[in-house]
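In: Just to be clear, the model below is a prediction. Sequence and coordinates:
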Amino acid sequence: MTDPQAFYDTLADSYHLIFEDWERSIARQGDALAAILTERWPLPDRLVLDAAVGIGTQALGLALRGFRMIGTDLSTRAVARAKREAVGRGVSMTLVAADFRFLPFTSGCADIVIACDNALPHLLSLRAIAAAISELRRCVRPGGGIVISMRDYATPPPPGTVELRPYGEREWNGRRVVAEQEWHWQGPTYRLVLRVRPVDGDTASVVEAATTYFAVPIKDILGLLTDVGLRDVRRLDGPFYQPLLVGTVPAV
């Protein structure tokens, strides 16, 4: 997974620009996730493990709503930024750099594990994704649950297809920039290039990173959640900006 690590290390300082207003996104996503976690797993003093914490978008939102949070991410620079963001908001979180296939925690360490922002499709086969889901499942206490958010992929276009997906103009470090994605399709996978470029054309200041994703169907992930023994596995549309896949670990 060195490719995603380099991708998120490069983008750690600018990743918030994929959101039109990152502060509002933190609040909105925190509200949506908090409502779902509270409804589905009404456990006292819930401890949530964010296994793809990134720069902290979901973890910060939940921490600001009273959830106890721990978080991991492959990117050391993203984790460092999430720590700074937490300190700046006066919230306490334990954050460490780790691969979510090999989490440095004891079994049953958390009530709920989340992995949002299309993290699982960084793994390029169903076997690799199944192994990651098994590791997430290992960390959940009986009666708790797993929440995954991911893109709802359509049938991949022909290999060689290039799609431009602009986010729009943003203000960053006192200048106007454009944040955009390019998807270069290679069959069931695509090479994603995320670029932040100044509107004034200053090429020396362009930030660009690339990684590969697997356009895995959501139904396949739901099947893998069932395979690891989760119950009430379902897809939730509407409350979050991506579909949410949820399932509950049976109580003892």
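Out: That came through, no problem.

In: Flag every buried residue along the worst-scoring helix or strand of the chain on mean pLDDT.
Out: In the chain, no helix or strand scores lower on mean pLDDT, DSSP states H and E than helix 2-11, which sits at a mean of 91. Under the neighbour-count criterion of 16 or more other Cβ atoms under 10 Å, helix 2-11 has Pro4, Gln5, Ala6, Phe7, Tyr8, Asp9, Thr10, Leu11 buried. (Each C-beta comes from the backbone N, C-alpha and C, glycine too.)

In: now stretch 111-118
Out: The neighbour-count check on stretch 111-118 (16+ other Cβ under 10 Å) flags Asp111, Ile112, Val113, Ile114, Ala115, Cys116, Asp117, Asn118 as buried.

In: Report the mean confidence score over it.
Out: For stretch 111-118, mean pLDDT rounds to 98.

In: which residues are in contact with that stretch?
Out: Stretch 111-118 is contacted by residues 29, 33, 37, 41, 43, 46-52, 54, 57-58, 100, 136-137, 139-141, 143-151, 213, 240, 242 when judged by Cβ atoms under 8 Å, 6 or more residues apart in numbering.

In: Quick one, which of those residues are buried?
Out: Buried among the contacts of stretch 111-118 (16+ other Cβ under 10 Å): 29, 33, 37, 41, 46-52, 54, 57-58, 100, 136-137, 139-141, 144-150, 213, 240, 242.

In: Show me the residues you listed that map onto helices.
Out: Using DSSP state H, the members of the buried ones among the contacts of stretch 111-118 that fall in helices are Gln29, Leu33, Leu37, Thr57, Gln58, Leu136, Arg137.

In: Could you pull up the mean pLDDT of stretch 196-215?
Out: Mean pLDDT, stretch 196-215: 94.

In: Repeat that for stretch 53-71.
Out: Over the span of stretch 53-71, the pLDDT mean works out to 97.

In: What distance separates the opening and closing residues of that stretch?
Out: Using Cα to Cα, to the nearest Å, the end-to-end distance of stretch 53-71 comes to 6 Å.

In: Report the buried residues of the helix or strand hosting His184.
Out: His184 is part of strand 175-185 when elements are defined by DSSP states H and E. By neighbour count with 16+ other Cβ under 10 Å, strand 175-185 contains the buried residues Val177, Val178, Ala179, Glu180, Glu182, Trp183, His184, Trp185.

In: Any idea how far that strand is from the middle of the chain?
Out: 19 Å (Cα atoms, centre = their mean, to the nearest Å).

In: Tell me which strands the helix or strand following that strand pairs with, and in which orientation.
Out: Scanning forward in sequence from strand 175-185 by DSSP H and E, the next helix or strand is strand 189-198. Strand 189-198 has the following sheet partners, assigned by DSSP bridges: strand 175-185 (antiparallel), strand 207-214 (antiparallel).
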